[in-house]
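1. Return a 3D structure for these sequence lines:
(2 chains)
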There are 2 protein chains.
Amino acid sequence: MSASRESLAGGREQRVLEIIETARAKPARFRDERITLAHGAGGRATQTLIEGLLLPAFGAPGGTLAALGDAGAVRAGDAQLAMSTDSFVVKPLRFPGGSIGELAVNGTVNDLAVSGARALAMTVSLILEEGLDAGVLRSEVAAIAAAAQAANVEIVSGDTKVVERGAADGMYICTTAIGSVDARARLSSGAIAPGDRVLVSGPIAAHGMAIMLARNLFELDAAIESDTCSLWPAVDALLDAAGSDLHCMRDATRGGVASVLNELARAAGVAVTVRESDVPVDPSVAAAAELLGIEPMHVANEGRLVAFLAPGAAEHALSVLQGVAGCEQAALIGEVGEDPPGMVLVETGFGGRRVMDQLVGDPLPRIC
Amino acid sequence: MSASRESLAGGREQRVLEIIETARAKPARFRDERITLAHGAGGRATQTLIEGLLLPAFGAPGGTLAALGDAGAVRAGDAQLAMSTDSFVVKPLRFPGGSIGELAVNGTVNDLAVSGARALAMTVSLILEEGLDAGVLRSEVAAIAAAAQAANVEIVSGDTKVVERGAADGMYICTTAIGSVDARARLSSGAIAPGDRVLVSGPIAAHGMAIMLARNLFELDAAIESDTCSLWPAVDALLDAAGSDLHCMRDATRGGVASVLNELARAAGVAVTVRESDVPVDPSVAAAAELLGIEPMHVANEGRLVAFLAPGAAEHALSVLQGVAGCEQAALIGEVGEDPPGMVLVETGFGGRRVMDQLVGDPLPRIC
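-> Here you go, the predicted structure:
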């Protein structure tokens, strides 16, 4: 049992509080000598790479990058724009419920959506492996086109590179989108306050589990489909229902719901308590995760957002969201408190509490 | 000797005219069964992939992608924006005169610049290979930061993925930039007209030759440095000097000056004649190219633009451009005619003419 799982209810409370203290005080430093898969997994190692190396080099002090949102702010004339980029290296290229091309569009559209921006224009950059079957390329091109049309985003520019056999697993795709920030949106991690309710837009962990099963590494035959979808309809409904009472959103991709909650708890200096029994997980996903010893809150989603809402607005926003296709099982899963700041605690079904840390290491490489 | 090299001056004129006719009439179709390195080389195969597969799938009819410029147009509020993306897979990561990080910033800044737009904001997406030395990453991060600062562009968002050992050759970088279109710019391939002069902003082919030599494939020890640089200062000077008499620009990257001229000759339905003796090539680059049997006009540049100017504005624009650091050897290298439409002809030193076709195949894979 890892340190993060120790019970706060028991006699080891003092020891756990020490661990919490250490975790809180540690500044993110990048001291590794080599890059590992964990640096791309969205958990602790990714955080040290971003906060310890990339942010100090790239981020202007007080600039938009320093805010570490899913999208950066761009001002052009009187337009308030948001811009976001993602590379997709998912393996396999096709999996139940989606494929790399569809993921590449939705992933980037969603980064804008949770920043309160609707994607207007997108660029698509392909890195293709020499020898790639043209039929595979054709299907992914069609998947990109269909997803872009569904999200109502125009593809305005592109690029294609080809690398030698063995160098790219078929294809990698990098998409970047620009969108206009919705006038209703007043989103920032700084707006999160004690009392806020935490909402998740649907059952979690399906995408990561679908990818894992599609790799046939386990003798497990569960019918699990990825949750990949455009989150704009959900965001639109939440903005409509809650306006400025919608304080902050993130899409819970790499590192899962746990990593997003940890990131925001740290950024806002608040505690987040999650009621484990209220977190929606499909039974087949829950069963597969239990068999594999994986915590669903650490598993990536590609069509699920986490939202923080003012207490008075949460119930209404939830019921409006549940009317959006694909969000019928949206749920309020927890709330924001003051103590311990920067931490996420989970109330288990047995009345205990445990620390829900960020993902450490990488149980699921290459899921997006 | 390839078909494209046959002399138009000799008795084989009829045969060459037939080849011209065939080349002109052939619509770009993508019929290959597998992707080859040539699809990424910027020549004929790239064109069939783009025009035969990607454009029909992604491009809205009459949309900005169909214009096949280096950047796409985006309208947001009253702002006229341009957006461009590029993935960089150059091998080796460092080479005389530059490195992948610096190239990734300048390459994308330059795509905007030749579209008449000054980059405002950029995203950086890294695909890192497991096991990459952290020192190598640190230097490329520093190179990205320095180039972005030099080009005065803010990095607003980013992404990092890690792929297993053996994939990605250390790192790939995808950059995307958005910029505002300069009020002085009236650029389009449709503005190119017979009589226009063709300008190149400096000696060509250095980047591709520098990369090739850095790979140590040949026993050739020439001191050739890449030409990589930001083209905005050159574009700024040309816009100032020529205004709307500056008809069109492209940066001559993959496929070199020859591919850019062919692309624009086809797009504008004009003929372009280049005076071979007026094309600036550094002696060391020319010597290396001759030894390796490579045509410098097919070799990639990363800091050279080709511009089309109204005849009355060309000499003044040239002299202004020659005052910009790095553009001292800018030259007028040819002009636009009517016949044969869509073709590029080279006047050789011996008074002959030959067809300068696009690059076919890929003599220089992975140069950017």
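
2. Now do the contacts for residue A:153.
-> By CB atoms under 8 Å, 6 or more residues apart in numbering or on different chains, the residues touching residue A:153 are A:105, A:109, A:119, A:120, A:121, A:122, A:177. C-beta: built from backbone N, CA, C; applies to glycine.

3. which regions of the stretch 51-200 of chain A sit below the pLDDT cut-off?
-> Scanning the stretch 51-200 of chain A for pLDDT under 70 picks out A:66, A:68.

4. Tell me how far the helix ranked longest in chain A lies from the chain's centre.
-> As assigned by DSSP state H, the longest helix anywhere in chain A is helix A:134-150. Centroid displacement of helix A:134-150 relative to its chain, using CA atoms, centre = their mean, to the nearest Å, is 23 Å.

5. which residues touch that helix?
-> A:93-94, A:98-102, A:104-106, A:122, A:124, A:128, A:154-155, A:170-171, A:173, A:230, B:30, B:32-35, B:53-54, B:57-58.

6. which of the residues in stretch A:264-271 are buried?
-> A:264, A:265, A:266, A:267, A:268, A:270, A:271 (16 or more other CB atoms under 10 Å in any protein chain shown).

7. Ignore what I typed, I meant stretch A:334-341.
-> Here stretch A:334-341 shows A:334, A:335, A:336, A:337, A:340 as buried, counting by 16+ other CB under 10 Å.

8. Among the contacts of residue A:153, the buried ones, what's the PyMOL command?
-> Buried subset of the contacts of residue A:153, written as a PyMOL selection, criterion 16+ other CB under 10 Å:
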select buried, chain A and resi 105+109+119+120+121+122+177
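
9. Just the ones of the contacts of residue A:153 in helices?
-> Filtering these for helices - DSSP H - leaves A:105, A:109.

10. Residue B:319: which of the contacts of residue A:153 is nearest?
-> residue A:121 (38.0 Å; CB to CB).

11. I'd assumed residue A:177 was in contact with the closest one.
-> Yes - counting by CB atoms under 8 Å, residue A:177 is a contact partner of residue A:121 at 6.8 Å.

12. Narrow the contacts of helix A:134-150 to those in strands?
-> Mapping the contacts of helix A:134-150 onto strands (DSSP state E) picks out A:94, A:98, A:99, A:122, A:124, A:128, A:154, A:155, A:171, A:173.

13. Let me see the contact set for the third one.
-> So the one you mean is residue A:99. A:93, A:139, A:140, A:143.

14. at 6 Å instead, please
-> Counting by CB atoms under 6 Å, 6 or more residues apart in numbering or on different chains, residue A:99 makes contact with A:93, A:143.

15. what's the answer for residue A:205, then?
-> Contact analysis of residue A:205 by CB under 6 Å, 6+ apart lists A:281, A:285, A:296, A:299.

16. Export these as CSV, with columns for distance to residue A:89.
-> Output for the contacts of residue A:205, formatted as CSV (distance: CB to CB, whole Å):
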residue, distance to residue A:89
A:281, 26
A:285, 23
A:296, 23
A:299, 17
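
17. Strands of chain A, residue ranges please.
-> Using DSSP E, strands in chain A cover A:72-76, A:79-88, A:94-95, A:98-99, A:117-129, A:154-163, A:171-181, A:197-200, A:246-251, A:271-275, A:305-309, A:331-337, A:344-347, A:353-355.

18. any chance of the ones you listed in TSV, with distance to residue B:200 too?
-> Putting the strands of chain A into TSV (distance: least, CB to CB, whole Å) gives the following:
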stretch	distance to residue B:200
strand A:72-76	31
strand A:79-88	32
strand A:94-95	45
strand A:98-99	43
strand A:117-129	27
strand A:154-163	23
strand A:171-181	30
strand A:197-200	57
strand A:246-251	46
strand A:271-275	59
strand A:305-309	50
strand A:331-337	60
strand A:344-347	59
strand A:353-355	63
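
19. Select, out of these, the one closest to residue A:292.
-> Here strand A:94-95 is closest among these (CB to CB), at 16.4 Å.

20. I'd like to know which elements that closest one is packed against.
-> If you count contacts as 3 or more CB pairs under 6 Å, 6 or more residues apart in numbering or on different chains; DSSP states H and E, strand A:94-95 packs onto helix A:206-214.

21. Tell me if the helix it packs on is near chain B.
-> No - figure legend: helix A:206-214 not in contact with chain B (CB under 6 Å from any CB of the partner chain); closest approach 14.0 Å.

22. Filter the buried residues of stretch A:264-271 down to just the ones in helices.
-> Per DSSP H, those map to helices at A:264, A:265, A:266, A:267, A:268.

23. what's the closest of those to residue A:310?
-> Of these, the one sitting nearest to residue A:310 (CB to CB) turns out to be residue A:268, at 13.7 Å.

24. and the nearest residue to that closest one once chain neighbours are set aside, what is it in contact with?
-> Spatial nearest neighbour of residue A:268, chain neighbours left out: residue A:192 (4.0 Å); criterion: CB to CB, 6 or more residues apart in numbering or on different chains. Contacts for residue A:192 (CB under 6 Å, 6+ apart) come out as A:247, A:248, A:268, A:270, A:308.

25. Just the closest of those to residue A:79, please.
-> Using CB to CB, the shortest approach to residue A:79 within these belongs to residue A:248, at 22.7 Å.

26. burial count for that closest one?
-> Residue A:248 is flanked by 25 other residues according to other CB atoms under 10 Å in any protein chain shown.

27. Kindly provide the distance from the residue lying closest to it once chain neighbours are set aside to residue A:274.
-> Leaving aside its sequence neighbours, residue A:248 sits nearest to residue A:308 (CB to CB, 6+ apart; 4.5 Å). Distance of residue A:308 to residue A:274, computed by CB to CB, to the nearest Å: 12 Å.

28. Which positions in stretch A:174-185 come out as buried?
-> Neighbour-count burial for stretch A:174-185 [16+ other CB under 10 Å]: A:174, A:175, A:176, A:177, A:178, A:179, A:180, A:181, A:182, A:184, A:185.
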